[in-house]
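In: Give the three-dimensional model of this entry:
(chains A, B, C and D)
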2 protein chains.
Amino acid sequence: MSSISDLIEKYLKNLIEASQQGQIEIQRNLLAEKFRCVPSQINYVLSTRFSLVHGFVVESRRGGGGFVRIVKLTMDDKVNKACQLCDLVGDDISQGGAEGIIGRMRESKMITGREAVLMKAALSRDVLRIALPARDQMRALILKAMILSLLQAGQRGE
Amino acid sequence: MSSISDLIEKYLKNLIEASQQGQIEIQRNLLAEKFRCVPSQINYVLSTRFSLVHGFVVESRRGGGGFVRIVKLTMDDKVNKACQLCDLVGDDISQGGAEGIIGRMRESKMITGREAVLMKAALSRDVLRIALPARDQMRALILKAMILSLLQAGQRGE
DNA sequence: GTTAAAAAGGTCAAGCAAAGTCAATAATAA
DNA sequence: TTATTATTGACTTTGCTTGACCTTTTTAAC
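Out: Numbering: from 1, shown residues only, chains lettered A, B, ... in the order given. Predicted structure coming up:
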């Protein structure tokens, strides 16, 4: 007893699975036509099955040549990941330790290259000009604040 | 899938990349003919994809031998902008002042929304837990370090 | 030199082509 | 029955395309 929404979901997930980069681009109206439904039903499927919670990001553009892009997130659970990272940071952290964590965030595509550079800049010992051990404590506070801020922030890229 | 505007954008960016000086000169009507569109569409592409906020400057001349020159902003231009901002920050800055500057950076598309959130997080008074006036001085140092770090970083988006 | 025509590029607004939103209704599950 | 999930469509917003008309610059005629 599959609803149209279920069918559309399966169809899209198959496409994504088949694609190499874990992302696809579709045209909303064409897809709606294919499944003989109104275009807005595509939006319904996207928002109920391809939301952030489900591990997807949906981007789109309107107008001529418009499209909907669905990107599967490699990261399982943003919040969990962020908490794990904060635990890793602890109450104080050295510059090297911080850079290591930022490097891993970069590798797991959690942040962009620019964001990594930005974060490292804010944590440099040349910038945090106070004596140890207060410096390492402040570095930990700043780093954790930045990690958590990413939860409020939107998806990578904007 | 791609609109004509997208194709023209790619074409021009390839040309610029291929050129040594990071700048090219085109003739609007010829380009329009090449892509079989009206000349004003070239202007549309220029204003939506090669504006200042995208890191380009467009100059042109009319009349016989007219042309459109597209110049990709150099590092020097970016350094200038960054230095201006750093001057604005000064030796110490309040949280509100910092947020204002970040807001303006965001508006001029110098940074993304995520980057803005990230920067504000690092500068919050809840994070910078030291007494005034040292806190405002440290905030200024961190902010300036982040602004300058953007010079190392690549283009917006990655 | 002046002037007129031609050869560029610029502006703007209308229309078209997507996608988005929201709320009403229908269908299904509990 | 009631609550949740699907479906639909009217209306909105955003982005692309086109064309009519305008301004600036060069060139040629006089």
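In: how about the helices of chain A, start to end?
Out: Remark: helices assigned in chain A by DSSP state H are A:4-18, A:28-34, A:39-49, A:78-89, A:95-107, A:113-123, A:134-152.
In: Of all those helices, which one comes closest to B:Met146?
Out: Across these, B:Met146 has its closest neighbour in helix A:113-123 (4.9 Å, C-beta to C-beta). For glycine as for every other residue, the C-beta is placed from the backbone atoms N, C-alpha and C.
In: Using PDB, write out every CA atom in the closest one.
Out: Extracted C-alpha coordinates of helix A:113-123, given in PDB (Å, rounded to 0.1, in the frame of the first residue of the first chain):
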ATOM      1  CA  GLY A 113      38.000  25.200   3.800                       C
ATOM      2  CA  ARG A 114      37.300  28.800   4.400                       C
ATOM      3  CA  GLU A 115      35.500  28.100   7.700                       C
ATOM      4  CA  ALA A 116      38.500  26.000   8.800                       C
ATOM      5  CA  VAL A 117      40.800  28.800   8.100                       C
ATOM      6  CA  LEU A 118      38.500  31.200   9.900                       C
ATOM      7  CA  MET A 119      38.300  29.000  13.000                       C
ATOM      8  CA  LYS A 120      42.100  28.400  13.200                       C
ATOM      9  CA  ALA A 121      42.700  32.100  12.900                       C
ATOM     10  CA  ALA A 122      40.500  32.800  16.000                       C
ATOM     11  CA  LEU A 123      42.400  30.200  18.000                       C
END
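In: just checking, what packs against it?
Out: helix A:95-107, helix A:134-152, helix B:113-123, helix B:134-152 (3 or more C-beta pairs under 8 Å, 6 or more residues apart in numbering or on different chains; DSSP states H and E).
In: The third one relative to helix B:95-107, how many degrees between them?
Out: In this structure, helix B:113-123 runs at an angle of 160 degrees to helix B:95-107, with axes from the mean of the first three to the mean of the last three C-alpha atoms, to 10 degrees as the basis.
In: buried stuff in helix B:113-123?
Out: B:Arg114, B:Glu115, B:Ala116, B:Val117, B:Leu118, B:Met119, B:Lys120, B:Ala121, B:Ala122, B:Leu123 (16 or more other C-beta atoms under 10 Å in any protein chain shown).
In: close enough to count as contact, A:Lys72 and A:Gly55?
Out: Yes - contact status for A:Lys72 versus A:Gly55: in contact at 6.3 Å, counting by C-beta atoms under 8 Å.
In: circling back to that earlier point, closest one to A:Glu9 among the helices and strands packed on helix A:113-123?
Out: Going by C-beta to C-beta, the one of the helices and strands packed on helix A:113-123 nearest A:Glu9 is helix A:134-152, 26.1 Å.
In: Who are the packing partners of the closest one?
Out: Using 3+ C-beta pairs under 8 Å, 6+ apart as the contact test, the elements touching helix A:134-152 are helix A:78-89, helix A:95-107, helix A:113-123, helix B:113-123.
In: Make JSON lines out of those helices and add distance to A:Glu59 and mean pLDDT.
Out: Converted to JSON lines, the helices and strands packed on helix A:134-152 look like this (distance: least, C-beta to C-beta, whole Å; pLDDT from 0 to 100):
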{"stretch": "helix A:78-89", "distance to A:Glu59": "17", "mean pLDDT": "78"}
{"stretch": "helix A:95-107", "distance to A:Glu59": "21", "mean pLDDT": "84"}
{"stretch": "helix A:113-123", "distance to A:Glu59": "18", "mean pLDDT": "88"}
{"stretch": "helix B:113-123", "distance to A:Glu59": "14", "mean pLDDT": "88"}
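In: Generate a markdown table for those, with distance to A:Val45 as supplementary columns.
Out: Formatted as a markdown table, the helices and strands packed on helix A:134-152 follow (distance: least, C-beta to C-beta, whole Å):
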| stretch | distance to A:Val45 |
| --- | --- |
| helix A:78-89 | 22 |
| helix A:95-107 | 31 |
| helix A:113-123 | 31 |
| helix B:113-123 | 26 |
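In: closest to B:Phe67 out of those helices?
Out: With C-beta to C-beta as the yardstick, what comes closest out of those is helix A:113-123 (33.6 Å).
In: for chain A, which spans come out with low pLDDT?
Out: Applying pLDDT under 70 to chain A flags residues A:1, A:52-53, A:74-80, A:107-109, A:152-158.
In: and it, which residues reach DNA strand D?
Out: A:3-6, A:37-38, A:40-41, A:44, A:48, A:61-66 (C-beta under 7 Å from any atom of the strand).
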